[in-house]
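# Structure, please.
(one chain, ligands or ions: 1)
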Amino acid sequence: MSLHRRTIAELARGLRAKEYSSVELTQSLLARIAAAQPALNAFITVTGEEALAAAVAADRRLATGDAGPLTGLPIAHKDIFCTEGVLTTCGSRMLGNFRAPYDATVVAKLRAAGTVMLGKTNMDEFAMGSSNETSFFGAVKNPWNPRRVPGGSSGGSAAAVAARLVPGASATDTGGSIRQPAALCGVTGLKPTYGRVSRYGMIAFASSLDQAGTLTASAEDAALLLTAMSGFDPLDSTSVDLPVPDYTAVLERPLTGLRVGLLKEFFDKGLQRDVEEPLRAALAVYGKLGARLTEVSLPNLPLSVPTYYVVAPAECSSNLARFDGVRFGHRCEDPRDLTDLYERSRGEGFGAEVKRRIMTGTYVLSAGYYDAYYLKAQRVRQLIAGDFTRAFTQVDVLVGPTTPTPAFELGAKTADPVTMYLNDIYTIGANLAGLPAMSIPCGFADGLPVGLQLIGPHFAEERLLNAAHLYQRETDWHRRMPGAYA
Ligand code: GLN
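Numbering: from 1, shown residues only. Next up, the predicted model:
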């Protein structure tokens, strides 16, 4: 089988068996990235030279038997993660020439595990978006159909994995930015529990929601990467001090008796009919695997989108205040005075969606409206979290669609922010409650991939990965590749 068709787990076996070297693997994927870049625009930066140097070092470790499970494996990082000495733009003109002076913890951990970074993937500006169209560096295209969006904000990472330019990539999820592009590109996305993975060096959007995770071809690969990237980090005060299990250890555990709850509110009239069919078929697979299916209602869940669009902009308006042209970020030419410097630097550096969020956030935090919007949203957030807590006394895993529709056309929703926001209607709840969640490919609608979402209780990543892996043993949706890149 050609190298790009293999999963991380398979590639790792081949490296250890000396079927090919990390340098050969790296070279072949760098060639794929270069060939696909004009059509997909999945990367902002490709770090070919550094990658080959890292691959040489990895081959040396592989030769001496001093290798870990990920040694020599090429991956990409979303351009939201700081990478020492390498351009880190967060998809924005504001950071258009920013070379990070240090590695994010996620990057450092994956580097220490021996992975080889091939480059930085394109994304919506400051991770605000659901289609990758807000990137200063241009939209990413969906490998299944280049007139369609790949989803966002981690669309570059998702498209790169879907087109098998890399076997895995890091990503972040504040309101769905791992799971939604995973669904739209037909790959496996994992958003861990809030606090499981350090946010240090991950450029902040909405700090109480942001969480780093993975985009891969399989759940097994997600388990491999998560094991390497998780853990307590004294540099992130919200990272949680719990031991990191080997997430690959329990993948094969039988699902007999697993209580699976169908999210009633997610099978509503907003769900496109032809998306529902593959989902129902996926549920039947779980039935066959021994799971017990019941319907569960989370009555406050429909309030997720309005709640999120108060909380996330509020936090972003505060986080993005640092980009003022003085301390951080783009500086305008020849400012007249300090006010002019702030206004023009921020005016030029940020795109329209980021400005919209900063203005919304500043408004909901202002003295006259704080109680009416921000405080109220925090209360509703608690109600939503409470719904999940109650549900998890009855079931082990919640399932539903990841998105209401498959990938939409580029430009179809850019004129209407609210229509765009509604794309995240099924993903945001898990962020508001801090829960781990996954999206796995479960079929097609109109030739485009459909994602099944799994949500678990806090720190139940093992259970989710186990359930996803056994589904992937029974089906081959995760093995399907877009024709042009197979
Ligand atoms: N699409 C959502 C937004 O625009 C979520 C983004 C994210 O998860 N980073 O805010």
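
# Quick check: residue 54 is in a helix.
Yes: judged by DSSP: H, G, I helix; E, B strand; the rest coil, residue 54 forms part of a helix.

# List the contacts of it.
Contacts for residue 54 (Cβ atoms under 8 Å, 6 or more residues apart in numbering) come out as 26, 111, 116, 117. All C-beta atoms are positioned from the backbone trio N, CA, C, and that covers glycine.

# Show the subsequent helix or strand relative to the helix or strand of the chain with the lowest mean pLDDT.
Across the helices and strands of the chain, the lowest-confidence element by mean pLDDT, DSSP states H and E is helix 417-421, at a mean of 89. For helix 417-421, the following helix or strand on the C-terminal side (DSSP states H and E) is helix 428-433.

# picking that back up, any chance of the contacts of residue 54 in CSV, plus pLDDT, distance to residue 139 and neighbour count?
Listed next are these as CSV, based on pLDDT from 0 to 100; distance: Cβ to Cβ, whole Å; neighbours: other Cβ atoms under 10 Å:
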residue, pLDDT, distance to residue 139, neighbour count
26, 98, 27, 24
111, 98, 29, 18
116, 98, 27, 29
117, 98, 23, 24
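
# can you tell me which two in those residues are farthest apart?
The distance between the two most remote of the contacts of residue 54 (Cβ to Cβ) is 14.3 Å, for 26 and 111.

# How far does the strand or helix carrying residue 63 sit from its chain's centre?
For residue 63, the element it lies in under DSSP H and E is helix 48-64. Here helix 48-64 is found 27 Å from its chain centre; the criterion is Cα atoms, centre = their mean, to the nearest Å.

# I'd like the C-alpha coordinates of the helix or strand that that helix is followed by written as PDB, please.
Under the assignment DSSP H and E, the closest C-terminal helix or strand after helix 48-64 is strand 74-78. Provided in PDB are the C-alpha atoms of strand 74-78 (Å, rounded to 0.1, in the frame of the first residue of the first chain):
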ATOM      1  CA  PRO A  74       5.200  13.300  10.000                       C
ATOM      2  CA  ILE A  75       2.400  15.600  11.300                       C
ATOM      3  CA  ALA A  76       1.300  19.200  10.800                       C
ATOM      4  CA  HIS A  77       0.300  21.800  13.400                       C
ATOM      5  CA  LYS A  78      -2.600  24.200  13.100                       C
END
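
# now for the helix or strand that strand 74-78 is followed by, which elements pack on it?
Using DSSP H and E, the next helix or strand after strand 74-78 towards the C-terminus is helix 105-112. Taking 3 or more Cβ pairs under 8 Å, 6 or more residues apart in numbering; DSSP states H and E as contact, the helices and strands that helix 105-112 lies on are strand 74-78, strand 116-121, strand 168-173, helix 219-229.

# Relative to the ligand, which of the ones you listed is closest?
Smallest distance to the ligand across the helices and strands packed on helix 105-112 (Cβ to the nearest ligand atom): 4.9 Å, for strand 168-173.

# Pull the distance from whichever helix or strand comes after that closest one to the chain's centre.
Next helix or strand after strand 168-173 toward the C-terminus (DSSP H and E): helix 179-185. The chain centroid and the centroid of helix 179-185 are separated by 9 Å, computed with Cα atoms, centre = their mean.

# Please say whether there is contact between helix 179-185 and the ligand.
No: in terms of Cβ under 6 Å from any ligand atom, no part of helix 179-185 sits within range of the ligand; the closest distance is 6.7 Å.

# CA atoms only for that helix, dumped as CSV, please.
Taking Å, rounded to 0.1, in the frame of the first residue of the first chain, the C-alpha atoms of helix 179-185 are listed here in CSV:
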residue,chain,number,x,y,z
ARG,A,179,-15.4,18.1,15.0
GLN,A,180,-17.1,20.2,12.3
PRO,A,181,-14.2,20.1,9.8
ALA,A,182,-13.7,16.4,10.7
ALA,A,183,-17.3,15.8,9.7
LEU,A,184,-17.1,17.9,6.5
CYS,A,185,-13.8,16.3,5.4
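
# State the distance from the most centrally placed residue in the chain to residue 61.
What sits nearest the mean C-alpha location of the chain, by Cα atoms, centre = their mean, is residue 178, with 2.3 Å. As for residue 178, its distance to residue 61 is 30 Å (criterion: Cβ to Cβ, to the nearest Å).

# Am I right that residue 305 is in a helix?
Yes: the assignment for residue 305 by three-state DSSP puts it in a helix.

# low pLDDT regions in the stretch 351-486 of the chain?
Within the stretch 351-486 of the chain, not a single segment meets pLDDT under 70.

# which residues in it form helices?
Here the stretch 351-486 of the chain has its helices, by DSSP state H, counting those that start in this stretch, at 352-365, 376-394, 417-421, 428-433, 461-474.

# How about the stretch 151-300 of the chain?
155-162, 179-185, 219-229, 273-288.

# how far is the third one from where the chain is centred?
Here helix 219-229 is found 14 Å from its chain centre; the criterion is Cα atoms, centre = their mean.

# Can you check what angle separates it from strand 168-173?
Between the axes of helix 219-229 and strand 168-173, defined by axes from the mean of the first three to the mean of the last three Cα atoms, to 10 degrees, the angle is 70 degrees.

# Nothing else from me, thank you.
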